[in-house]
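Asker: can you look at this prediction? I've put the sequence above it.
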Amino acid sequence: MAHSTVMAHSIPLPTPAELRQEIPLSAGLKERIGLQRRAVNNILAGRDERLLVVVGPCSIHDSKAALDYADRLARLSERVSEQLLPVMRVYVEKPRTTVGWKGLAYDPDLDESGDMANGLLRSRELMHAVAERGLPVATEILQPMLAPYLEDLLSWVAIGARTTESQLHRELASDLQAAVGFKNATSGDIQVALDAMAAAAHSHQRFAMDASGRPVVQQTPGNPHTHLVLRGGHGEPNYSKEHVRSACAQLRKAGLNTRLMVDCSHANARKDHRRQSEVMLDVLAQRQAGERNLAGLMLESHLFEGKQPLNPGALRYGVSVTDACLGWDATEHLLLTAAERLEKSPGQ
Ligand SMILES: O=C[C@H](O)[C@H](O)COP(=O)(O)O
Ligand SMILES: C=C(OP(=O)(O)O)C(=O)O
């Protein structure tokens, strides 16, 4: 076992209130985010038949490229808004299988210097800029402590495959105002996500941090806006008609929301980003065949296709440094195809 020679040290961070003061939400933006959250919730509740599409880079490592992506997505959103509600993935934390770069919030300079104060600032700045472009913002919350710094900007939150079973994340979800999608486990087990939905719907007393950074006992309200995200498991997909029906039957039996999302990436694409199109087209065909429980899709997409090693001196612009992504052109084509197909079969 390798022993660390790094000296223990601690560096103060801003409080959530300080960061929110530095990058405040205007009344207009706050109102718009409230409307976007309601639009997401309406889709999840079946009151709006549009398809929710959580789309964007696997992770953010370059804010400029992320905003370039946001500009394109904002323009595309206007064209597809009758059939789709695109929400941009602004993922600033990455859960790792073992070790690896953990995201903009942890290491914004990509050099293991771990400047988390700057990471928090850049994460909030970026989410704010994406929201100002009129796009609803999605992220995975991995570190519950980060929620008070960012949650006012979020319209949809993922609890990832590696943390859906965690009580701390379920308690966190029960406090969020945004809708929360719980992924099935990396093993493919979906029961953990159903348990998470039931737990998050409840009120909890939890250890939390208030806006001033003070530890508090918090009573959460419970979150009624949760849903399952099928992401495949153990390298095997779980988006087929049979998988969707079986998941819905389990959700129904448990008295939970049967409207769910398919993550077209990860094990559903067998870790091959190009297969995301196949998954998406299959899900669209299921919708067109009358499967009303398919409320949303997730795509991992960046400006350019594929991925690259994280080599700070030699990074290609707009290419993922974590999971491989679809490029913009393929993404645009897929979203336009989806809108066109859903337009032809309204009400499906
Ligand atoms: O999309 C996310 C990745 O699959 C997840 O963060 C795990 O990544 P890793 O296996 O490269 O660590
Ligand atoms: C980490 C992710 O997914 P999962 O939790 O399904 O592995 C992700 O969507 O970035």
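Answerer: Yep, it's here. Ligands and ions are numbered 1, 2, ... in the order given.

Asker: how about the contacts made by the residue nearest to the spatial centre of the chain?
Answerer: The chain has T139 as the residue nearest its centroid, 3.8 Å off, counting by CA atoms, centre = their mean. Going by CB atoms under 8 Å, 6 or more residues apart in numbering, T139 touches R89, V90, Y91, V92, E93, M127, L150, L154, V157, A158. Placement of C-beta: from N, CA and C, glycine included.

Asker: list just the nearest of those residues to A179.
Answerer: V157 (7.2 Å; CB to CB).

Asker: what bridges to that closest one?
Answerer: V157 has these beta-bridge partners by DSSP bridges: T139, V180.

Asker: just checking, it touches A138?
Answerer: Yes: look at V157 against A138 with CB atoms under 8 Å: they come within range, at 7.0 Å.

Asker: residues from the stretch 151-300 of the chain in reach of ligand 1?
Answerer: H266 (CB under 6 Å from any ligand atom).

Asker: can you pull out the helices in the stretch 201-348 of the chain?
Answerer: Ranges of helices in the stretch 201-348 of the chain, per DSSP state H, counting those that start in this stretch, are 241-253, 275-288, 328-344.

Asker: in CSV: those helices, plus mean pLDDT and distance to E49.
Answerer: Formatted as CSV, the helices of the stretch 201-348 of the chain follow (pLDDT from 0 to 100; distance: least, CB to CB, whole Å):
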stretch, mean pLDDT, distance to E49
helix 241-253, 98, 17
helix 275-288, 97, 10
helix 328-344, 96, 8
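
Asker: pick the most deeply packed of those helices.
Answerer: helix 275-288 (a mean of 19; mean count of other CB atoms under 10 Å).

Asker: how long is stretch 293-308 end to end?
Answerer: 36 Å (CA to CA, to the nearest Å).

Asker: so for it, what gets flagged as buried?
Answerer: The neighbour-count check on stretch 293-308 (16 or more other CB atoms under 10 Å) flags 293-305, 307 as buried.

Asker: any idea which residue of the stretch 101-250 of the chain lies closest to ligand 2?
Answerer: Closest contact between the stretch 101-250 of the chain and ligand 2, by CB to the nearest ligand atom, is at G160 (3.0 Å).

Asker: which residues does that residue contact?
Answerer: Contact partners of G160, counting by CB under 8 Å, 6+ apart, are P95, E140, L142, K183.

Asker: against T164, how distant is the residue nearest to the second one when sequence neighbours are not counted?
Answerer: Setting aside the residues directly before and after it, E140 is nearest to A158 in space (CB to CB, 6 or more residues apart in numbering), at 4.2 Å. When CB to CB, to the nearest Å is the yardstick, A158 and T164 sit 9 Å from each other.

Asker: okay, and the common contacts of those two?
Answerer: Joint contacts of A158 and T164 (CB under 8 Å, 6+ apart) are F182, K183.

Asker: I'd say H273 and D323 touch.
Answerer: Yes: applying CB under 8 Å, one finds H273 in contact with D323, separated by 7.2 Å.
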